[in-house]
Structure formats: C-alpha cells, structure tokens
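**Q** coords please:
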Amino acid sequence: MIKCFHLLGIAPIILIATVGVVFAGPETVTTAPDGATTHKEASLYRISFDAPSLAPMAFLRFCIRYPRDCEIRSMHPDPITLTLTRITDLIAVNRTVNEAILPRADNSRVNQEEWLLSPRAGDCNDYAVTKRHMLLSRGWPSRSLLLAEVVTVSGQHHLVLVVRTREDDLLLDNLDPNIHPVSQGQYKWVRAQYEKNPKLWSAVSVW
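**A** Coordinates of the predicted model:
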C-alpha cells in the first residue's frame, strides 16, 4: 500500500534540464530561442527498467474506473523534446494540481484504497494520477508519463510522476513544488509503469 506525505505550500517552479536551468516564476519561462531545448549527450541519470513487477492493487482498480488513462497513447518510439510548449505544460499542470487538491491522508485498507482523478482532497496517489491525466489530455504520449512508487528517507511508500524526455527524466512530486531530474530525488526507487505498456509495471532503478 502506498501511503503519502503532503506538500507544504506552493512556490515558484524550477525545471532543470540537460541544457541548464529553466525558471518559471509567476510570469517568466526561459528556454532556447527556437522554443526547444537542445539535446546533447551527457552523464544523465535515467529510469532503468529491471524485472517485471506486479502493479499496485489500487492501480488495477484505477484502470477499471478510468480505462482511458491505462491505454497506450501514441506509438511514436522516440523520446519527446522539451519545447517551450512542453515546458509550459509541465509547469501549468504541476502548479494547478498542487493548488487544486487539498492534502488528506488515505487510511483505507489496501483492498479499499482508491486512486482518484481531481478529488477535492487527496493523497500523493491522487496528485500523481491527476497530473498524468491532465498531461495525457494535452497530447503527451503515455510512454513519457510513468507513475512510480518510491520509498522516502523515512521509509514511507510514496507515488510520484516521472516524465521521460529527450533531455532528462523529470520528477513531479506533491512533496516538492519544484520539478527536478530524477537524480535529485532523495528516494529509493521501487517500481513504475512500463513505458511500452502503461498497464504493466516493472521494478526500476535510477542510473
């Protein structure tokens, strides 16, 4: 069962890509002049898929309730590029969901836990699935939006959204108003949706 901590306040969002820092305060977004970040090879930390894993039980119930969110969206094999539009999407969705959902712990038993889209109040699972849902609705491919289970430094299981791009694998987390590369998350990685099929999960690590 995935239990969650909660975000303490909302702050300006900093998205760090391979090419440097993209800052999004209340009004500004800075990126390359052509509206796209430039891909270059670097020593990036990426999500690495290991052995197949069972999906969380609550995820299976989520797919029954919201089947469209568990379908493959776009079969294009190449990673997406962080254009200005994509960066704006991430910032807007991350901020909107963090502000819209009030933090509330889910103390349900594992066979009763529900992941909900856009509830009035919810936990980390609801934040993560709602962010993914909103990005899917904006045309993002399912292979780029992976729900992932991690363990915090205090030993609590927690759900985040990993966004895979050509420049970096990014972490959207209701515990942090900033958007970071996965290498900056202080977590032990457990499992995540498999990028080729969002209904399947895999054990993962970050390298």
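**Q** And Val110, what's its pLDDT?
**A** What the model reports as pLDDT for Val110 is 67.
**Q** hmm, I was thinking of Asp78
**A** Confidence for Asp78, expressed as pLDDT, is 82.
**Q** What is the burial count for Asp78?
**A** 8 (other Cβ atoms under 10 Å). C-beta here means a position set from N, CA and C on the backbone, and glycine is covered the same way.
**Q** So for it, what's the nearest residue that isn't a sequence neighbour?
**A** Arg166 (7.6 Å; Cβ to Cβ, 6 or more residues apart in numbering).
**Q** Confirm for me that Leu200 is in contact with Ala51.
**A** No: when contacts are counted by Cβ atoms under 8 Å, Leu200 is not listed as touching Ala51 (11.8 Å).
**Q** The two: which is more packed in?
**A** Between Leu200 and Ala51, counted using other Cβ under 10 Å, Leu200 has the larger neighbour count: 14 against 8.
**Q** Show me what the strand or helix carrying that one is packed up against.
**A** According to DSSP states H and E, Leu200 maps onto strand 197-206. Contact here means 3 or more Cβ pairs under 8 Å, 6 or more residues apart in numbering; DSSP states H and E; on that basis strand 197-206 packs against strand 47-53, strand 145-151, strand 188-194.
**Q** could you redo the last one with a cut-off of 7 Å?
**A** Packed against strand 197-206 by the contact rule (3 or more Cβ pairs under 7 Å, 6 or more residues apart in numbering; DSSP states H and E) you find strand 47-53, strand 188-194.
**Q** excluding its backbone neighbours, what's nearest Pro52?
**A** Ser202 (5.7 Å).
**Q** Tell me where the protein has helices.
**A** 57-65, 84-100, 124-137 (DSSP state H).
**Q** How much space separates Thr96 from Arg120?
**A** 14 Å (Cβ to Cβ, to the nearest Å).
**Q** higher neighbour count, those two?
**A** Taking other Cβ under 10 Å, Thr96 and Arg120 do not tie; Thr96 has more neighbours (14 against 10).
**Q** Quick one: residues contacting the residue most central in space within the chain.
**A** The centroid of the chain falls nearest to Leu161 when counting by Cα atoms, centre = their mean (1.5 Å). With contacts defined as Cβ atoms under 7 Å, 6 or more residues apart in numbering, the neighbours of Leu161 are 128, 131-132, 145, 147, 172.
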